[in-house]
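A.B. asks: how would this look folded up:
(4 chains)
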Number of protein chains: 2
Amino acid sequence: MTTENRFMQIGEVSERTGVTQRTLRFYEEKGLLNPPARMEGGFRLYSEDDVQRVELIRQLQKLLGFSLAEIKDMVEAEEIKTQLRAESRDNKANEARQRRLRKAIEVTEKQVEIIDNKIEQLSQMRVHWCTKLARYHEVLRQIEESLSSASPLPPN
Amino acid sequence: MTTENRFMQIGEVSERTGVTQRTLRFYEEKGLLNPPARMEGGFRLYSEDDVQRVELIRQLQKLLGFSLAEIKDMVEAEEIKTQLRAESRDNKANEARQRRLRKAIEVTEKQVEIIDNKIEQLSQMRVHWCTKLARYHEVLRQIEESLSSASPLPPN
DNA sequence: TATAACCTTGACGTAAGCGGCAGGTTAGAC
DNA sequence: GTCTAACCTGCCGCTTACGTCAAGGTTATA
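C.D. replies: Numbers count the residues shown, from 1 in each chain, chains lettered A, B, ... in the order given. Okay, here's the model as predicted:
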């Protein structure tokens, strides 16, 4: 039950993620996606991980409004996940793994903090708009009253 | 206790909002800010409402990630608040006010819906990252164990 | 082996969102 | 009146995040 080891060409990734091929190449160029494997002829071969990465990038962009430059730093923390899988299990490498893990934890905690912050601000904004909504409703009610009382046909 | 009826020049608004003068003129040009009053010589005179509008724009831009074009539509609903204040209280205009109010309510409700949506997505994202964080911690714990058991000095 | 469908790099284009001048005008204090 | 800081309207430039050809190479299928 390891992750499916299929490889996809750029067209399939594009369809699955809804991101254009141009944009996929652009992300690669900017270091947001690590250069995928290639076929003999040079065609890119993407993994399942790459697809997830693309989806992460889009989320960070649209939900959190980060620039691609910022996202680049953030996804570099993601790298570690892949590294962990690929790494050998000998004690020799363990201290290095530890360091990277701590780094990843630090970065991820910051991400969560940013998200919390955003949620908080959005909640405040929500309150603000709801208050305004209530005022509108109140004013509307008053107008309706005044109209009905001034009407030639009093209510009931 | 009506809202303070002071007028400010562009420099003061810029300082208070942290938005450059260039950007204020740009927003006006794009229809995000309605053209402010002017002095005889042509200097712009902004009201307290304008400042609030600017702050709203920036919130919508940064928190919700809307484009200026989208924000333009949204702030037009805000307009109504100002209109309500300025309008006469006679029955003649009340039906028009009613229509505008209903429109404002409709738009504002949509805003709240969008915000709710965003909060929901962010919450999901938060869970996702926290899960990953837990995994990192777990792996880290395992490594620490294996290192200490292999160490020449067993713990305690 | 031909041909369609897919891919490659490279270069130029574009919309949004401003920054930063230049060259001239105005407000307000002295 | 005059001086200076603050303001005005262009206008060109920049960055980000891609879109859009163009000209050609690759792969799968008949």
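A.B. asks: now the helices for chain A?
C.D. replies: In chain A, the segments counted as helices under DSSP state H are A:10-17, A:21-29, A:48-62, A:68-86, A:91-150.
A.B. asks: what comes up buried for the third one?
C.D. replies: This points to helix A:48-62. A:50-51, A:53-54, A:56-61 (16 or more other CB atoms under 10 Å in any protein chain shown). All C-beta spots, glycine's among them, are computed from the backbone N, C-alpha and C.
A.B. asks: what's the answer for the second one, then?
C.D. replies: Of the residues in helix A:21-29, those buried by neighbour count under the rule 16+ other CB under 10 Å are A:24, A:27-28.
A.B. asks: report the helix or strand with the lowest average pLDDT across chain A.
C.D. replies: Lowest on mean pLDDT, DSSP states H and E among the helices and strands of chain A sits helix A:68-86, with a mean of 80.
A.B. asks: how about it and DNA strand D, touching?
C.D. replies: Yes: applying CB under 7 Å from any atom of the strand, one finds helix A:68-86 touching DNA strand D at A:68-69.
A.B. asks: does anything pack onto that helix? Which helices or strands?
C.D. replies: helix A:48-62, helix A:91-150 (3 or more CB pairs under 8 Å, 6 or more residues apart in numbering or on different chains; DSSP states H and E).
A.B. asks: between helix B:91-150 and the first one, find me the angle.
C.D. replies: Orientation check (axes from the mean of the first three to the mean of the last three CA atoms, to 10 degrees): helix A:48-62 against helix B:91-150 gives 140 degrees.
A.B. asks: so how far is helix A:48-62 off the chain centroid?
C.D. replies: Here helix A:48-62 is found 7 Å from its chain centre; the criterion is CA atoms, centre = their mean, to the nearest Å.
A.B. asks: which residues does that helix contact?
C.D. replies: A:3-6, A:8, A:13, A:16-17, A:19, A:24, A:27, A:32-33, A:36, A:66, A:68, A:70-71, A:74-75, A:78, A:82, B:65, B:121, B:125 (CB atoms under 8 Å, 6 or more residues apart in numbering or on different chains).
A.B. asks: I'd like to know how many residues surround A:Ala96.
C.D. replies: For A:Ala96, the neighbour count with other CB atoms under 10 Å in any protein chain shown is 11.
A.B. asks: distance of it from chain B?
C.D. replies: For A:Ala96, the distance to chain B equals 10 Å [CB to the nearest CB, to the nearest Å].
A.B. asks: who's in contact with that residue?
C.D. replies: If a contact means CB under 8 Å, 6+ apart, then A:Ala96 has no contacts.
A.B. asks: quick one: the closest residue to A:Cys130 other than its chain neighbours from B:Ala77, how far?
C.D. replies: Closest residue to A:Cys130 apart from its sequence neighbours, by CB to CB, 6 or more residues apart in numbering or on different chains: B:Val112 at 6.2 Å. For B:Val112, the distance to B:Ala77 (CB to CB, to the nearest Å) stands at 12 Å.
A.B. asks: same deal with A:Ala134?
C.D. replies: According to CB to CB, A:Ala134 stands 15 Å off from B:Ala77.
A.B. asks: nearest to DNA strand D, of the buried residues of helix A:21-29?
C.D. replies: A:Tyr27 (7.2 Å; CB to the nearest atom of the strand).
A.B. asks: wait, doesn't that closest one sit right on A:Leu33?
C.D. replies: Yes: contact criterion CB atoms under 8 Å: A:Tyr27 and A:Leu33 qualify, at 4.6 Å.
A.B. asks: rewinding a little: so which of the helices and strands packed on helix A:68-86 is the most packed in?
C.D. replies: Highest mean neighbour count among the helices and strands packed on helix A:68-86 (mean count of other CB atoms under 10 Å in any protein chain shown): helix A:48-62, with a mean of 17.
A.B. asks: now, which of the buried residues of helix A:48-62 sits nearest chain B?
C.D. replies: Of all these, chain B sits closest to A:Gln59, with 6.4 Å by CB to the nearest CB.
A.B. asks: that closest one and A:Ala37, how far apart?
C.D. replies: Using CB to CB, we find A:Gln59 at a distance of 25 Å from A:Ala37.
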